[in-house]
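Enquirer: This is a predicted model, with the sequence first.
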Amino acid sequence: MSVFPHMQEDFVVVQADMARVGHVMTDQSHMERWTSPAVRFAPLDGWRFDRGARWRLSLPGLGSLLEADYIVFERREGLILWAFDGFWEGFDAWHWRPHGGSGETLIQNRIEYRLKVPGLSLIWPATIGPLMGWDADVQMGRLKQVCEE
């Protein structure tokens with residue numbers, strides 16, 4: 001069982017091979033097309049995905065209240081695992097692996113987290129949590145589209 005009280009997990013199957021998905025997951029022009037416009041996810045050390053690369057997530061319009069620092073905790077073929085800390089702390093794992101037998105790839109995004117801002121856990125289930133789930137579904141649709149182009 002996770003030490004984090006919150007978890008969100010999303011999956012999508014794309015008609016693209018592992019190499020294509022890996023490229024879409026890390027190439028700046030592609031990533032900027034599929035990531036959520038509701039958040040700003042910016043590199044602090046240049047556009048890098050090797051272990052130790054630092055990024056910052058923020059929600060535009062909310063100032064520094066809802067910001068988190070991300071670091072690539074583990075990186076290997078088919079995996080980017082981020083550790084994050086800020087208004088929330090936890091792990092954000094992006095996995096992709098072959099699926100079926102005809103060049104399909106299964107992409108999984110799993111976020112496990114704890115909220116750290118006092119009072120945020122009271123409003124989260126009725127506000128930000130459901131919005132985050134909806135936004136993740138839409139983002140996975142964009143990711144599928146970009147991978148299959």
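Expert: Nice, I can see it. No experiment lies behind these values; they were computed from the predicted model shown.

Enquirer: mind listing what Ser58 touches?
Expert: Counting by CB atoms under 8 Å, 6 or more residues apart in numbering, Ser58 touches 39-40, 42, 64, 66-68. (Each C-beta comes from the backbone N, C-alpha and C, glycine too.)

Enquirer: Check which residues of the longest helix along the chain are buried.
Expert: Counting by DSSP state H, the longest helix found in the chain is helix 128-148. For helix 128-148, the buried set under the neighbour-count rule, 16 or more other CB atoms under 10 Å, comprises 132, 136, 139-140, 143-144, 146-147.

Enquirer: Make CSV out of these and add pLDDT and distance to Arg76.
Expert: As requested, the buried residues of helix 128-148 are exported to CSV (pLDDT from 0 to 100; distance: CB to CB, whole Å):
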residue, pLDDT, distance to Arg76
Met132, 79, 27
Ala136, 89, 23
Gln139, 94, 23
Met140, 95, 22
Leu143, 97, 20
Lys144, 97, 23
Val146, 98, 22
Cys147, 98, 19
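
Enquirer: which residues touch the helix or strand bottoming out on mean pLDDT in the chain?
Expert: None of the helices or strands of the chain scores lower by mean pLDDT, DSSP states H and E than helix 120-123, at a mean of 77. With contact meaning CB under 8 Å, 6+ apart, helix 120-123 is reached by 87, 115, 128.

Enquirer: Between the residues you listed, which sits nearest Val72?
Expert: Within these, the smallest distance to Val72 is 19.8 Å, found for Phe87 (CB to CB).

Enquirer: wait, the closest one sits on Ala68?
Expert: Yes. Phe87 lies in contact with Ala68 (CB atoms under 8 Å); the separation is 5.9 Å.

Enquirer: Those two: which is more packed in?
Expert: Higher neighbour count among Phe87 and Ala68: Ala68, with 22 against 19, using other CB atoms under 10 Å.
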